[in-house]
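>>> Sequence plus predicted model, see below.
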Amino acid sequence: MAELQTKPTNKSVDDFLDKLDDETRRDDCRVVLNLMREVTGAEAVMWGPAIIGFGAYTYKYANGKEAQFPIAGFSPRKTDLTLYLGDVGAFPEIMSRLGKHKTSKACLYIRRLSDVDVDVLKELIVKSVEIMEGQRVDKRG
């Protein structure tokens with residue numbers, strides 16, 4: 001099995017965000033950074049080269065292997081701001097009020113933060129973190 005790339009690094013989150021070319025994307029990331037920091041009580045850490053994560057939990061694969069991942073995180077991808085929040089499908093009522101977005105099992109894709117209601121986004125992050133709290137392996141700050 002190849003070495004997992006999604007793991008905490010000592011790279012600077014601020015340096016990573018400062019290098020984003022798109023000013024709106026950079027501003028959106030700073031808002032999400034502050035929301036996730038507030039909700040998780042954890043400092044932002046670079047996980048691999050492009051994911052900003054908060055807190056940690058242990059994920060167990062079907063084959064029995066384990067790996068740690070952020071409780072919540074995000075990444076400014078080329079076309080979307082990708083938020084890693086666990087099973088976003090578990091919150092259909094919240095998702096219906098969020099605004100323009102796409103999802104997969106554990107990801108929320110937002111083109112621009114102005115496309116969604118930030119208060120509803122915070123509510124979603126809170127609910128996602130609450131569900132993950134029992135699996136959390138980092139100490140809450």
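That came through, no problem.
>>> for this protein, longest helix please?
Looking across the chain with DSSP state H, the single longest helix is helix 23-40.
>>> tell me what it is packed against?
Packing contacts for helix 23-40, counted by 3 or more Cβ pairs under 8 Å, 6 or more residues apart in numbering; DSSP states H and E, involve helix 13-18, strand 44-47, strand 51-54, strand 72-76, strand 81-84, helix 118-132. Quick note: C-beta positions are derived from backbone N, CA and C, even for glycine.
>>> residues of that helix that come out buried?
By 16 or more other Cβ atoms under 10 Å, the buried positions in helix 23-40 come out as R25, D28, C29, V32, L33, L35, M36, R37, V39, T40.
>>> Which residue, other than its chain neighbours, is closest to the first one?
Using Cβ to Cβ, 6 or more residues apart in numbering and skipping the chain neighbours, the partner closest in space to R25 is P76 (5.2 Å).
>>> what sits against that neighbour?
Going by Cβ atoms under 8 Å, 6 or more residues apart in numbering, P76 touches L17, L20, R25, R26, D28, C29, A50, T82.
>>> Can you lay out those as CSV showing pLDDT and distance to L108?
CSV is the format used below for the contacts of P76 (pLDDT from 0 to 100; distance: Cβ to Cβ, whole Å):
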residue, pLDDT, distance to L108
L17, 97, 19
L20, 96, 19
R25, 96, 15
R26, 96, 19
D28, 97, 13
C29, 98, 14
A50, 96, 16
T82, 97, 7
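>>> Give me the below-cutoff pLDDT ranges for this structure.
In the predicted model, the chain carries pLDDT under 70 at residues 1-5, 139-141.
>>> Would you mind listing the buried residues in stretch 102-111?
For stretch 102-111, burial by neighbour count (16+ other Cβ under 10 Å) applies to C107, L108, I110.
>>> taking those one by one, which sit in strands?
C107, L108, I110 (DSSP state E).
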